[in-house]
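Novice: What would the 3D arrangement of this be:
(one chain, ligands or ions: 1)
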Amino acid sequence: MADSAGHILVVGASSGIGRAVAERFAGQVSVTALARRADRLADLADVGIATVTADVTDLAAIGGVLQSAVAERGLLTGLVYCAGVQIIKPMRSFGADEVERLYKTNLVAPTLFAAAFGSARISTRDAVFCAVSSVAAQRPEPAIVPYAASKAGLDALIRGLARELAPRRAVGVAPGWLDTEMTQAHARLYGDAFKGELEKRSPVGAATVESVVDAIAFLMSPQARHVTGEILRVDGGATL
Ligand SMILES: NC(=O)c1ccc[n+]([C@@H]2O[C@H](COP(=O)([O-])OP(=O)(O)OC[C@H]3O[C@@H](n4cnc5c(N)ncnc54)[C@H](OP(=O)(O)O)[C@@H]3O)[C@@H](O)[C@H]2O)c1
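Specialist: Predicted structure coming up:
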């Protein structure tokens, strides 16, 4: 990220980590927030954040989305890719449409965002690409195998981008389970008993959205100028 004024695009900014990232950077740099739910982006506009209603699985539109954001607020100094889909069920129950949506959102779209981001017409030379991975990439569990595989691909993407897009940096964070709409949608699994167990397994306490945003803010900052290709685990030590 540039030292002074800058412009960060947050993809998947209507809730959870992405929304918190957009709110964190608002006031420090220009922020563009992208997601499908326009109603959930509306109050971000009230605090000066530019909003874009778009579906990242519309792959052909990605280049144009980036060009429009740059035309409105200037070259990107950072892009934080937070959009993600988690589907929890046994492998045998997955349909082709679900698998396609999951990989498009978690891996194909960030690949295309990164490809466009690498252009001098889209980002500055010191810009940072940051993506939200998951501890599942390194530890695939039953019932989330496609999700874990998509995040492992994302980790490889980040490490490859760090080499190919230099001097731009590419980094990631790998959170453990967090309390967001994504996990709340699986209330039968992610209930009080699960949260209690997670807390016990986490030597420094279970991670929070805020602690993940702190890690992203550090990785995007000049303080991390020699950190690239790194995916920082933020899980309170639960997967040690
Ligand atoms: N929560 C956890 O325990 C956890 C743990 C590890 C990693 N993560 C990762 O963290 C990231 C953020 O998830 P979260 O926990 O903050 O969940 P969340 O609150 O459900 O946020 C997901 C965001 O992605 C956006 N999104 C999803 N599909 C999209 C699409 N097709 N086009 C545009 N935007 C799309 C959603 O916006 P719209 O629905 O408005 O489009 C929303 O803003 C994900 O990549 C997830 O895999 C989460």
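Novice: wait, does the longest helix that the chain contains contact the ligand?
Specialist: If you go by DSSP state H, the chain has its longest helix at helix 145-164. No - between helix 145-164 and the ligand, judged by CB under 6 Å from any ligand atom, nothing touches; the nearest distance is 6.9 Å. Quick note: C-beta positions are derived from backbone N, CA and C, even for glycine.
Novice: now this protein, which segments are flagged as low pLDDT?
Specialist: For the chain, the stretches with pLDDT under 70 are 1-4.
Novice: For residue 33, see how far away the residue nearest to the spatial centre of it is.
Specialist: Centroid-nearest residue in the chain, with CA atoms, centre = their mean: residue 82, separated by 2.2 Å. Noted for residue 82: a distance of 10 Å to residue 33, by CB to CB, to the nearest Å.
Novice: which residues do those two both contact?
Specialist: 10, 13, 18 (CB atoms under 8 Å, 6 or more residues apart in numbering).
Novice: Now, these that are in strands?
Specialist: Assignment to strands by DSSP state E places the following of the shared contacts of residue 82 and residue 33 there: residue 10.
Novice: Which one (most neighbours) among the shared contacts of residue 82 and residue 33?
Specialist: Compared across the shared contacts of residue 82 and residue 33, residue 10 has the highest neighbour count, 31 neighbours, by other CB atoms under 10 Å.
Novice: What are the boundaries of the helices in this protein?
Specialist: Here the chain has its helices, by DSSP H, at 16-25, 38-46, 62-73, 96-103, 109-117, 145-164, 181-184, 192-201, 209-220.
Novice: of all those, which gets the most neighbours per residue?
Specialist: helix 16-25 (a mean of 23; mean count of other CB atoms under 10 Å).
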